[in-house]
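Q: Got a predicted model here, sequence first, then my questions.
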Amino acid sequence: MRHYEMRDLAAAPRFANPDLDLGNPAMVSTRPAQCDLTVLDTPDRRLLRAEIVLAHRSTEGEGQWLMAAPSWVPQLPAERLEEMTSGQVPDHILTLLAPFLRHAPLVPVGTQHRSRTTYLIRTTARETLGSVVDDVYTVRREGALVTRYREVDVDTGTMTREQIDWLDEALHSVEAVRVDRHLSLPARFRVLIADHGNDESQTAQQVDLSSVVGSVDIDASMAQIISHFVGEGVRQVLLADLNVRSGRTRKVQPLVRGLRTFVAELPVIAPVLPPGHLDELVAELGAAADRLDGAFGADQDAVLNGDDYLGIYERVSALRDPTLTVGVGNHPARDEIGEMVAAATGAMLVAGGTAPDAADDSGWHTAALAADRLVATAELASLLAPKQAKKLRDRARNIYDDLIRCDNEELEALRASLGGSSVEDAFGIGRQYATLAESRSAAREEFVEHWPKDARHLRKAGSELLARLGADGTAEGHGAASQGAVAADA
C-alpha cells in the first residue's frame, strides 16, 4: 500500500497509459461514499489534548462509536468501532476514559465529513490490477470550515514496476506527495483545539494529560521543565491505571507502586514552587495508594471511579501549567537552575568548613540543612543534566548522612527527658547519653578530617554540573550570600 497527500481541490490524475497496458480506471460506485464524524470532547478539549478521539460515526445511515488513541496503545485502542445501540456514550467507554474526563461533560466540538471515491486500476482488457482510494475530508467547528485535506491510498496489487512508477508519476503531476503514513485522527483534529473560542482556552495546558516522552530540551523554560517532569510522572500512573480499566490486568499493585513512586519524585520540583504547593497533592496520592492497596472487585472499581481518586488527576494536570515561586521563571531554566546549584554548592562549602567553629551545635545543624538543600537542588538540576547532577547529588547525600551523625538530635531529647525520670531511669538515660555523645564526637572528628577531600570532590562535581548547564559563575562566588539564607532557615 502506498500513501499520498494531495491538495483538496487538485484534479484527479490520469492513470491510463496503453503503452504500459493500463486502461481507464473504473469507479467502484457511481457516486462517492459519504461518512460523517461528530467529535465529542469536554469544553476544554481534554481528550483531544491527550491525543484521544471519541466520536459518533455515521456511514450510509449506520451509526457507530469510534475511539482512536494511537499514542496510548496497548492500554487504549489505536482505533476501534462499536455499534451504536443508543444516543448515549456507552458506560464502559466513559469508565475507560474517566481519568481524562474527570466527570466533565461531553459536548460536540467539531465534525468531519469524508467523501470517498474508489477506482479500480485495470489493464486495457479490463482486468483488475489494483485500486486507488481517494478521500477528501472537511473539518468544521460550530459549522465554520476549519480545514480540508485529501488522502490517497494506492494498492498496487499485481502491477508491474513500470506501471507502479507511472502511477507514482501521474500522482506527482497533480502535486501529490508520497508519505510513509497518514496523520492519525488525533493529529488531524488538533485543529479543533487551537483558538476554539471559549474562555476555557486559557486553561489549555492545565488539563493536558498527553503523553510526554524523551528528554527535555536544555534551553527549555522552568515552566516547560516542570510540565515535562509532571507529564512523565502522571503518564506512568495513567498507564498502570488504564491497564486495570481496559481489563489487561486486574492486578492493582503496579498502579499502587506508580502512585507511591510519583509521591517520592514530586519533591524534586518543590524548590521552584511556592512553599506547601505540593503538600495536598502528595497527601492525596499517598491516600489513594493506601486505599487501592489490597482492594479487589467492586471496592477497587469504587476507588478508581470515585471523586477523590479522579480529583488527583485534576490536581496533577494543573501542575502542567505551574505557579512558580516568586523570582523564578523570568530567565531560561538552565540559568536559573545554574544559579541555584552555584548558590547551594557555595553554601555547603561554607557551612561544611565552619560547622566546628560555632560555640554550640548550630554550625552542625546549619551544615546539615545546607547539605539537604544541595541534594534537593541537584535533583532539580537532574531534569536538565542527569549525569552531572547525579554525581553532585550523591556527593551531597553522603555529606548529609555524615552530618546527621554529627548533629544527633537524640541527645537533646535524652537531656530533656532527665527532668521527669526516676533515679533508676536517669542512670540508664545517662549511660545512653554518654554512648551517643561519644559516637557524635567521633563522627565530628571524622567529618573534620575528611572535609578537605570531600570539599574538593563537591567543588568539582558542582563545577562540572555548572559547565553542563552553561551557567556563569562558580560555587565559591555564591557561598557567602547563600550561607546567610541557610542560617536563616536554621
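A: Looks like it arrived, so ask away.
Q: next one: phi and psi at Glu83?
A: phi -60, psi 140 (degrees, to the nearest 10).
Q: Please report how far it lies from Gly231.
A: Noted for Glu83: a distance of 35 Å to Gly231, by CB to CB, to the nearest Å. Quick note: C-beta positions are derived from backbone N, CA and C, even for glycine.
Q: what do you get for Ser71?
A: For Ser71, the distance to Gly231 - CB to CB - is 12 Å.
Q: What of Ser463?
A: Taken as CB to CB, the span from Ser463 to Gly231 is 31 Å.
Q: cool, and Leu281?
A: 15 Å.
Q: okay, the two: which has more neighbours?
A: Gly231 (20 against 17; other CB atoms under 10 Å).
Q: The more buried one is in what secondary structure piece?
A: helix 222-245 (DSSP states H and E).
Q: Which other helices and strands does the very next helix or strand once past that helix contact?
A: Per DSSP H and E, the first helix or strand lying C-terminal to helix 222-245 is helix 253-265. Secondary-structure packing of helix 253-265 (3 or more CB pairs under 8 Å, 6 or more residues apart in numbering; DSSP states H and E): helix 222-245, helix 279-292.
Q: Please point out which parts of the longest one sit buried.
A: Okay, so that is helix 222-245. 222-223, 225-245 (16 or more other CB atoms under 10 Å).
Q: what residues are up against Val303?
A: By CB atoms under 8 Å, 6 or more residues apart in numbering, the contact list for Val303 reads Ala288, Arg291, Leu292, Ala295, Tyr309.
Q: Count the neighbours of the fourth one for me.
A: Okay, so that is Ala295. With other CB under 10 Å as criterion, Ala295 counts 16.
Q: Against Ala288, how distant is it?
A: Going from Ala295 to Ala288 by CB to CB gives 11 Å.
Q: same deal with Ile404?
A: 31 Å.
Q: Those two: who's more crowded?
A: Ala288 (24 against 15).
Q: Surely that one is in contact with Ile312?
A: Yes - shown here, Ala288 and Ile312 form a contact pair, counting by CB atoms under 8 Å, at 5.9 Å.
Q: quick one: the strands in the stretch 1-150 of the chain?
A: Assigned by DSSP state E, counting those that start in this stretch, the strands in the stretch 1-150 of the chain fall at 2-6, 26-27, 33-41, 53-59, 62-68, 80-83, 107-122, 128-141, 144-155.
Q: okay, the ones you listed in CSV with mean pLDDT and mean neighbour count next?
A: Formatted as CSV, the strands of the stretch 1-150 of the chain follow (pLDDT from 0 to 100; neighbours: other CB atoms under 10 Å):
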stretch, mean pLDDT, mean neighbour count
strand 2-6, 96, 18
strand 26-27, 92, 12
strand 33-41, 96, 18
strand 53-59, 95, 20
strand 62-68, 94, 17
strand 80-83, 92, 12
strand 107-122, 96, 18
strand 128-141, 96, 18
strand 144-155, 95, 16
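Q: Tell me which of the ones you listed lies nearest to Ala370.
A: Ala370 lies closest to strand 33-41 among the strands of the stretch 1-150 of the chain, at 49.2 Å (CB to CB).
Q: Quick check: which helices or strands does that closest one pack against?
A: helix 46-49, strand 53-59, strand 107-122.
Q: rerun that using 10 Å as the cut-off
A: Here strand 33-41 touches helix 46-49, strand 53-59, strand 62-68, strand 107-122, strand 128-141, going by 3 or more CB pairs under 10 Å, 6 or more residues apart in numbering; DSSP states H and E.
Q: and it, how far from the chain's centre?
A: Taking CA atoms, centre = their mean, to the nearest Å, one finds the center of strand 33-41 at 30 Å from the center of the full chain.
Q: Show me where this protein dips below the pLDDT cut-off.
A: 194-216, 408-430, 432-433, 471-490 (pLDDT under 70).
Q: Give me the most central residue, it.
A: Gly231 (1.8 Å; CA atoms, centre = their mean).
Q: Okay, that one and Ala385: tell me how far apart.
A: Taking CB to CB, one finds Gly231 at 19 Å from Ala385.
Q: now Gly329
A: In terms of CB to CB, Gly329 sits 19 Å off from Ala385.
Q: which secondary structure elements does the helix or strand hosting Thr345 contact?
A: In this assignment (DSSP H and E), Thr345 forms part of helix 333-354. Helices and strands touching helix 333-354, as assessed by 3+ CB pairs under 10 Å, 6+ apart, comprise helix 222-245, helix 362-381, helix 386-406, helix 423-469, helix 479-489.
Q: how about these in JSON lines, adding distance to Leu54?
A: Formatted as JSON lines, the helices and strands packed on helix 333-354 follow (distance: least, CB to CB, whole Å):
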{"stretch": "helix 222-245", "distance to Leu54": "15"}
{"stretch": "helix 362-381", "distance to Leu54": "37"}
{"stretch": "helix 386-406", "distance to Leu54": "37"}
{"stretch": "helix 423-469", "distance to Leu54": "42"}
{"stretch": "helix 479-489", "distance to Leu54": "50"}
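Q: For Met348, find the nearest of those.
A: Per CB to CB, nearest to Met348 of the helices and strands packed on helix 333-354: helix 362-381, 4.5 Å.
Q: Cheers, nothing more for now.
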